[in-house]
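Participant: Model the following, please.
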Amino acid sequence: MRAKDVLEFLRLLDENGIDVHLDGGWGVDALLGLQTRSHEDVDIAVQHKDVPALRRLLRALGYRELPSGDAKGFNFVLSDSQGRKIDVHSYTFDQQGNHVYGIAYPIDSLTGSGMINGHPVKCISVEWAVKFHTQYEPDETDFQDVQALCHRFHVPLPDLYRKFPR
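Facilitator: The predicted structure is shown next:
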């Protein structure tokens with residue numbers, strides 16, 4: 001997924017009233033304000049109420065759901081004939097801001113802002129981007145992402161990441 005593709009996708013969603021926050025690798029690069037590596041996909045956090053509209057909009061552009069045994073109504077991947085992939089993570093909060101469905105994003109995790117090619121975008125906050133990277137066994141790419149975020153934003157490197165050589 002190229003930066004140009006991500007920006008076009010975000011513009012399309014904005015024009016259609018669908019609010020999204022970048023997560024994953026593009027979320028990290030947006031927080032850093034620069035693309036640090038290539039990305040196979042773009043991960044998005046979207047309100048579950050917007051999933052039907054998102055699916056209709058992307059279906060009209062040739063996106064189809066990739067078959068996966070892991071797919072759920074709140075977490076699935078859409079892809080088009082050019083190989084562009086959108087990893088959809090949806091959530092629902094009640095009126096008090098408590099998570100009630102889907103990916104368990106804390107409400108304060110959806111407060112980040114970043115830049116892609118000079119364009120402002122919404123993303124997962126720095127603190128939560130780092131914290132989310134501690135919920136699974138990291139690889140070298142995760143280490144590079146977390147190290148860059150921690151260095152740039154003066155966040156302590158999580159213990160899980162201290163095993164990687166510097």
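Participant: wait, doesn't Glu65 sit right on Gly73?
Facilitator: No. Glu65 is not in contact with Gly73 according to CB atoms under 8 Å; the separation is 10.9 Å. Every C-beta, even on glycine, is put in place using the N, C-alpha and C of the backbone.
Participant: which of these two has more neighbours?
Facilitator: It is Glu65, of Glu65 and Gly73, that has more neighbours when counted by other CB atoms under 10 Å, with 14 against 10.
Participant: what's the distance between the more buried one and Asp139?
Facilitator: 26 Å (CB to CB, to the nearest Å).
Participant: longest strand in the chain, by residue count?
Facilitator: Longest strand in the chain, counting residues (DSSP state E): strand 85-93.
Participant: and that strand, how far from the chain's centre?
Facilitator: Between the centre of strand 85-93 and the centre of its chain there are 8 Å (CA atoms, centre = their mean, to the nearest Å).
Participant: buried sites along that strand?
Facilitator: Residues Lys85, Ile86, Asp87, Val88, His89, Ser90, Tyr91, Phe93 are the ones in strand 85-93 that count as buried (16 or more other CB atoms under 10 Å).
Participant: how about a markdown table for the residues you listed, with distance to Ser109 added?
Facilitator: Listed next are those as a markdown table, based on distance: CB to CB, whole Å:
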| residue | distance to Ser109 |
| --- | --- |
| Lys85 | 22 |
| Ile86 | 19 |
| Asp87 | 16 |
| Val88 | 16 |
| His89 | 11 |
| Ser90 | 14 |
| Tyr91 | 10 |
| Phe93 | 11 |
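Participant: Look up phi and psi at the closest residue to Phe74 other than its chain neighbours.
Facilitator: Using CB to CB, 6 or more residues apart in numbering and skipping the chain neighbours, the partner closest in space to Phe74 is Gly102 (3.5 Å). The phi/psi pair for Gly102 (degrees, to the nearest 10) reads phi 90, psi -150.
Participant: From what I see, Gly102 and Tyr91 are in contact.
Facilitator: Yes. Applying CB under 8 Å as the test, Gly102 and Tyr91 come out as touching, 4.1 Å apart.
Participant: Please identify every residue contacting each of those two.
Facilitator: Common neighbours of Gly102 and Tyr91, using CB atoms under 8 Å, 6 or more residues apart in numbering, are His48, Phe74.
Participant: And for the closest residue to Gly24 other than its chain neighbours, the neighbour number?
Facilitator: Using CB to CB, 6+ apart and skipping residues adjacent in sequence, the residue nearest Gly24 is Asp43, 3.1 Å away. Number of residues near Asp43 (other CB under 10 Å) recorded here: 24.
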